[in-house]
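J.: What follows is a predicted protein model with its sequence.
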Amino acid sequence: MTTAQNYRRMVNAGNKIVVGLQRLGVAFGPMQLLTVPGRRTGVPRTFPIAVIPIDGDRYIFQAYPKAAWVANARAAAEVTLTRGRRTTAARLTEVPVEQRRPLLRELVAKSPASVGKRLVTTGLADAATPDAAAAAAERIAVFRVEPA
């Protein structure tokens, strides 16, 4: 089993705890619950996601290759975001690759070092630097959160 697979298993276990706490009304950090219909089944799927404000807009960044929420978000017209006990409807608009580069650079530059390291651990970026994250824009989906 690769390091990325071990990391993903650990994160999946932690995600269950985050989802449970959020559903109890405990909000922390930039975390929210993204609920999106499954692209094949239509069954709602919920994922803990960090919603990051940059230059007056809010964004969600892919942190894992082949993340199910990314494929589901691309297919969905509308999603819901829940923070604590507050739920809002939203649309996720995928940001074009060239426009992702400055967003990824800023994300890694202004976030704790763990954000850049996570992109390396999961194989999305080659280094935990703002420039390496920007260079990986083709592999990292970025969505702008807009009102529904």
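T.: Thanks, I have the structure now. Residues are numbered from 1 along each chain as shown.
J.: quick check: longest strand of this structure.
T.: Identified as the longest strand of the chain according to DSSP state E is strand 44-54.
J.: my read: residue 116 touches residue 126, true?
T.: No - Residue 116 lies out of contact with residue 126 (CB atoms under 8 Å); the separation is 10.8 Å. Any C-beta I mention is one placed from the backbone N, CA and C, and that applies to glycine too.
J.: what sits in contact with each of these two?
T.: Common contact partners of residue 116 and residue 126 (CB atoms under 8 Å, 6 or more residues apart in numbering): residue 132.
J.: Between the two, which is the more surrounded one?
T.: Shown here are residue 116 and residue 126; by other CB atoms under 10 Å, residue 116 has more neighbours (21 against 13).
J.: Please, which helix or strand holds the more buried one?
T.: helix 113-121 (DSSP states H and E).
J.: what's that helix in contact with?
T.: So helix 113-121 is in contact with 3-4, 7, 63, 107-108, 125-130, 132-133, 136, 140, going by CB under 8 Å, 6+ apart.
J.: In ChimeraX, how would I select just the buried ones from these?
T.: Buried subset of the contacts of helix 113-121, written as a ChimeraX selection, criterion 16 or more other CB atoms under 10 Å:
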select :63,107,108,125,128,129,130,132,133,136,140
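J.: nearest to residue 93, of the contacts of helix 113-121?
T.: residue 140 (15.6 Å; CB to CB).
J.: ok, that closest one touching residue 134?
T.: No - contact criterion CB under 8 Å: residue 140 and residue 134 do not qualify, at 9.5 Å.
J.: Overlap of the contact sets of those two?
T.: Going by CB under 8 Å, 6+ apart, residues that sit against residue 140 and also against residue 134 are 100, 104.
J.: quick one: the longest strand of the chain to helix 113-121, angle?
T.: Relative orientation of strand 44-54 and helix 113-121, computed by axes from the mean of the first three to the mean of the last three CA atoms, to 10 degrees: 120 degrees.
J.: buried ones in strand 44-54?
T.: 45, 46, 47, 48, 49, 50, 51, 52.
J.: what's the answer for stretch 136-148, then?
T.: 136, 137, 140, 141, 142, 143, 144, 145.
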